[in-house]
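**Q** Pasting the sequence and the predicted coordinates here, then a few questions.
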Amino acid sequence: MLKAIWIASIALSVISLMIMLVLILRRIVLERRQQLRNEHRSSVQRALIEFSETRDGDALRQMMSTVPPAISLEASFELLGLLRGEEHARIIRVLSDTGLAEQAIGLLKSGNKVERIHAAEMLGGFANVAGAAALLTAFEEEPSDDVRIAIAIALSQLGRLLPLQQVLGRIGRAGKESGRIAELFAQWPGDRLAELREFVGHEAEPPFARAAAIEALGNSGDPALLSFFRPLANDASAEVATAALRALGRIGHPGATDVVIEAMADAQRGDLRANAAEAAGRIGAADFARPLAALLSDDIWTVRYAAARALRLIPGGADVLMQTALGTASRSQRMASLVLSEGEVRC
Amino acid sequence: MLTAWASEIFLVAQIVSWVVITSGIAQTLIYFFQLVVAAYAFHERPLVKRSALLWRRYGDVVPPVAMIVPVYNEELNAVESVKSILSIEYPNFEVIVINDGSKDRTLERLIEAFRLTRFERPYEEALIHKPIRGLYSSPTTPRLFVVDKENGGKADAMNAGINVARAPILCAIDGDSILEPDALLRAVEPFVEDPVRTIAVGGTIRIANGSRIEAGRVTEVNLPRRLIPLFQVVEYLRSFLLARLAWSHIHSLLLISGAFGVFRRTEVVTVGGFTPGSMGEDLDLILKLHRHMMDSGKDYRIQFIPEPVCWTEAPETLKVLARQRARWQYGALECFFRYRSMLFNPRYGRIGFLGLGQMLLVDVVGPIMEVLGYILMPAFWLLGVLDVGYLLAFTALVFTYGICISVCSLILEELELRRFPNARDLAILTLAAILENFGYRQINNFWRIKGWWQFLRGRRAWGEMTRSGLSSASK
């Protein structure tokens, strides 16, 4: 027993110190490698910038053949993120002959989770035929939700996205509750918005994802969506209903006045009342003055504040605020005077 | 008669020895468990090396964040710290600095540096705190707001900041800390990837002593030149890269450091914010959040992620460090006994069994057992009731195991994060990991016992944290 304890002690210290020694030696090697990587990286970036001036594709290809493909890929992708339009397209054309997309495809197949997400993003930026095919294959085979969303976003950038139901079927429940779903919906092709509308109608889908789809649709600012959003403002899910109210506010059509007033009277859901007040401010109809004034004495501070701010934005609302502020001391009087003293209100 | 006494002493000695050894073995197993889980967690969640990628990926979808920065007598660091916070890379944030009735020129320094003027801003009085004397904004820095209030302690100041904040996500940061530019973007990642369940996220705290700091940023990472902060570097690595990562991975994290934590405002307000007067307000908040979420049957996540880094100034003298450690111990005991009904309570699942269970072993019983071991083992040996061979063997095992755990945290740091710039730093830290077991570890336990004693006597004392200032940490 005694001997075993001594052996364990010595073994523990020797093993840990030996590992540390190996790591220190490894670090010395890595430092040298990193220095070389940095030099290569700078060379690639310099070559890319020179290419944008000289447009000498052969020189760029020649230079890139002298550095490890992983470094070229990384440096190119970083620069491409800063470029737009013709400049971007020109570099993509040259890079398509350098085998960088194949490098990214390899990473998409065999990298760790972070590397696979990154590979999907790079392939989305490179607009390469083989890359798109690899993304489609990976979308079917990929085990991670996070990577599948990244692939879906990349496919959307390439205009190769599958039908929404198919995409969401692969992304899965957890993926539908990721904030990145909002990014996917925000990039959704304008000519395929009907798919988002259909998705919003599925009440069994997670409210978070439905709300994200409503936000994406609302960002289009299309007044034709008014009739679509109106019933959603009364949805059983507060998340969906508030998203619909925000969308109605963004459209700013007076045709939403009655549903917004109705939402302002929702006794159960404070969030809804606050968002309805905000939407009222954006729509800016004079009809909102009375219900907004009533909300100035709401039990919830955020509702009172949203109502007071909205009053500053609608015709005649400032007068209502002023009268309330000059009235007897009360919850609404305090809020009115606070918001009047707040300074300029911007939407 | 004497023989009868001797046999009784021998029996007591045996019992005490076994209690101490059992407690030691249990703690040893906990450390080993932490090590294995932390290594697995790193493997499971590879790190995104370049923050530019995160900006590209999340720049459009991250939620607005309110940075809440309580300051008290921080005239040396406040301006530098606020500048550092204002220079972070994040698309949508506001900075709310709360001057908690400082007795020095903290407020004046802020007013001068940012040309602050008084202004009105409506805010919800959702949490109780000491009266606010005035709100200030900066014409040159629209993101910055300063709240000047009567002194009420850190928790009280935090609550005032939370009231004034409007963003749905709050980031609590100490006034003496410096955030890395990408820290917030990295810390908010779980709120983007799992926005429904994530309610709190903590990042890594690192020690800035010895590093070069320019314009509110750590521009060159160096190790402290003095031994005390150097030992704390090893301690912090062990605490963050092993303990927090491991407990977070099994959803039993009990502590997000008050120096840098990100929270969803709704839940913080629902639980009544930080508990005023609490010595461990950060631990208290997390326990409150766990209890609230479990009581209401909601699925939630409280996470630690190692990549976001916040730099802080560590105490450089034994006197200041002693006060800090006694205070930490006091805070841990205060929270443990305040939430004792959660311990081993099936209603609170792994938080009650694993989280509070390990707290009982490591924070409550741990220091007492270790100090008992240091005192009683040699005493028993002197009395002739303990075999010298076993005494030496066990002592050696305790020390080598301590070294092994510290070195393992260094190994994880080197393999996964590699934040220390060169091989020489690794060698120095390895040496520190060995040396801290001889003297520093023991004195640390003594301070924790002091914390226990203060807790039993009900003596609360924050004590003054003497600082040299982060801006002067580069020498």
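**A** Right, received. Where do you want to start? None of these values were measured; they are calculated from a predicted model.
**Q** and the stretch 151-300 of chain B, which of its residues are near chain A?
**A** Residues of the stretch 151-300 of chain B lying close to chain A (Cβ under 8 Å from any Cβ of the partner chain) are B:191-197. Just so you know, the C-beta spots here come from the backbone N, C-alpha and C atoms, and that holds for glycine as well.
**Q** and the longest strand for chain B?
**A** In chain B, taking DSSP state E as the definition, the longest strand is strand B:301-312.
**Q** In its sheet, which strands sit next to that strand, and in what direction?
**A** strand B:177-179 (antiparallel), strand B:198-207 (parallel) (DSSP bridges).
**Q** Lowest mean pLDDT across those, which one is that?
**A** Mean pLDDT per stretch puts strand B:177-179 lowest among the strands paired with strand B:301-312, at a mean of 88.
**Q** Closest one to chain A out of the residues of the stretch 151-300 of chain B next to chain A, please.
**A** Set against chain A, the nearest of these by Cβ to the nearest Cβ is B:V192 (3.7 Å).
**Q** Could you measure from that closest one over to A:I181?
**A** 10 Å (Cβ to Cβ, to the nearest Å).
**Q** With neighbour numbers in mind, choose between these two.
**A** Shown here are B:V192 and A:I181; by other Cβ atoms under 10 Å in any protein chain shown, A:I181 has more neighbours (26 against 20).
**Q** Just the buried residues of stretch B:68-88, please?
**A** Using 16 or more other Cβ atoms under 10 Å in any protein chain shown as the test for burial, stretch B:68-88 gives B:68-86, B:88.
**Q** Stretch A:288-300 now?
**A** For stretch A:288-300, by 16+ other Cβ under 10 Å, it's A:288-289, A:291-293, A:295-296, A:298, A:300.
**Q** That stretch and chain B, are they touching?
**A** No - Stretch A:288-300 lies out of reach of chain B by Cβ under 8 Å from any Cβ, never closer than 8.7 Å.
**Q** okay, how far is it across that stretch, tip to tip?
**A** Length of stretch A:288-300, first residue to last, Cα to Cα, to the nearest Å: 19 Å.
**Q** contact partners of that stretch?
**A** A:257, A:260-261, A:264-265, A:270, A:273-274, A:277, A:280-281, A:303-304, A:306-308, A:310-311, A:314-317, A:320, A:324, A:330-332, A:335-336 (Cβ atoms under 8 Å, 6 or more residues apart in numbering or on different chains).
**Q** who wins for neighbours among the residues of the stretch 151-300 of chain B next to chain A?
**A** Neighbour counts for those (other Cβ under 10 Å) peak at B:F191, which has 27 neighbours.
**Q** Buried deepest among the strands paired with strand B:301-312, which one?
**A** Using mean count of other Cβ atoms under 10 Å in any protein chain shown, the stretch among these with the greatest mean number of neighbours is strand B:177-179 (a mean of 27).
**Q** thinking in terms of the whole chain, how far from its middle is that one?
**A** With Cα atoms, centre = their mean, to the nearest Å as the basis, strand B:177-179 stands 14 Å off its chain's centre.
**Q** in the sheet, who's paired with B:V97?
**A** Beta bridges link B:V97 to B:V69, B:V146 when assigned by DSSP bridges.
**Q** My understanding was that A:I10 contacts B:F399; is that so?
**A** No - judged on Cβ atoms under 8 Å, A:I10 makes no contact with B:F399 at a distance of 11.6 Å.
**Q** Skipping adjacent residues, who's closest to residue 339 in space?
**A** Since you didn't name a chain, this refers to chain A. Spatially, and ignoring its direct neighbours in sequence, A:V339 is nearest to A:A308 (3.9 Å; Cβ to Cβ, 6 or more residues apart in numbering or on different chains).
**Q** Oops, wrong one, chain B.
**A** In this structure, B:Y339 finds its nearest non-sequential neighbour in B:L287, 4.7 Å apart by Cβ to Cβ, 6+ apart.
**Q** Check which helix or strand residue 289 maps to.
**A** In the absence of a named chain, chain A is used. Counting by DSSP states H and E, the element that carries A:A289 is helix A:289-295.
**Q** my bad, the chain I had in mind was chain B
**A** B:L289 belongs to helix B:281-295 when assigned by DSSP H and E.
**Q** Mind checking what helix or strand follows the helix holding A:A289 in sequence?
**A** helix A:301-311.
**Q** which residues are contacting that next one?
**A** A:270-271, A:273-275, A:277-278, A:280-281, A:288-289, A:292-293, A:295-298, A:317-318, A:320-321, A:331-332, A:335-336, A:338-339, A:345, B:122, B:124-126.
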